[in-house]
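Student: Sharing a model that was predicted from the sequence below.
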Amino acid sequence: MTDVQTRPEATCQHGRSGAPRRAVFAGAGAVGAACLLAACGTSSSGAGDEPGFTNDPIPAGSASPGAGSTGGGDSSGGGAALAAVADVPEGGGIIKGDLVITQPQAGTFKAFSKVCTHQGCDVSKVDGGVIFCPCHKSEFSITDGSPQGGPAKQPLPETKVKVDGDNIVAA
């Protein structure tokens, strides 16, 4: 059997019981602990110092806020221009909106999600036929989005594009 000691509540000099004061301090401690735990959790807006990281990245080719609003469409109904043909270097590419748009061979254009398949960071540059992710040094091919180095094992998802006049548009 447990020995429980009971005593009357002590009163302070103002005649109030000490129990409510203890309850206030206990409640304040609980709120502080909850805030601390919430700060240690993850959020959907970022993780650490990895730019562009989200816990729930938007899949490539999906509509996202602001997607497709990079410029005016054309009279043939082909949709909004993703990039100008002249802006995408042969053997390289550019990052525009949510996509990496590449030109692996003259006149051949490809588009891939700019979200790295390793941990969701945004890729940062295209150089020497390779798309680079700065977070963990994954590298992807400008031809098919396949991983060429680093920890990524899955290719960047492709979005079909076509040339419409002087612009590259979604196919």
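Tutor: Great, that's in hand. From a predicted model like this one, the values you see are computed outputs, not experimental measurements.
Student: List the contacts of stretch 83-97.
Tutor: Stretch 83-97 has contacts (C-beta atoms under 8 Å, 6 or more residues apart in numbering) with 66-68, 70, 82, 100-106, 109-110, 114, 122-129, 131, 142, 163, 166-168. Quick note: C-beta positions are derived from backbone N, CA and C, even for glycine.
Student: And that stretch, end to end?
Tutor: End-to-end distance for stretch 83-97, by C-alpha to C-alpha, to the nearest Å: 9 Å.
Student: re earlier: ok, of the contacts of stretch 83-97, which come out buried?
Tutor: Applying a neighbour-count criterion of 16 or more other C-beta atoms under 10 Å, the buried members of these are 67-68, 82, 100-104, 109-110, 114, 122-124, 126, 131, 142, 167-168.
Student: What about the contacts of stretch 83-97, which are in helices?
Tutor: Among those, no residue falls in helices (DSSP state H).
Student: Out of these, list just those in strands.
Tutor: 82, 100-105, 109-110, 125-127, 131, 163, 167-168 (DSSP state E).
Student: Let me see the ranges of the strands in the chain.
Tutor: 81-84, 92-96, 99-105, 108-113, 125-127, 130-132, 139-141, 147-149, 158-159, 161-164, 167-170.
Student: can those go into a markdown table with extra columns for mean pLDDT?
Tutor: Shown next, in a markdown table, are those (pLDDT from 0 to 100):
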| stretch | mean pLDDT |
| --- | --- |
| strand 81-84 | 96 |
| strand 92-96 | 97 |
| strand 99-105 | 97 |
| strand 108-113 | 98 |
| strand 125-127 | 96 |
| strand 130-132 | 97 |
| strand 139-141 | 98 |
| strand 147-149 | 96 |
| strand 158-159 | 96 |
| strand 161-164 | 96 |
| strand 167-170 | 96 |
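Student: Does residue 104 touch residue 142 like I think?
Tutor: Yes. If you go by C-beta atoms under 8 Å, residue 104 and residue 142 touch, sitting 5.1 Å apart.
Student: Next, show the common contact partners of these two.
Tutor: Counting by C-beta under 8 Å, 6+ apart, the residues touching both residue 104 and residue 142 are 91, 110, 129.
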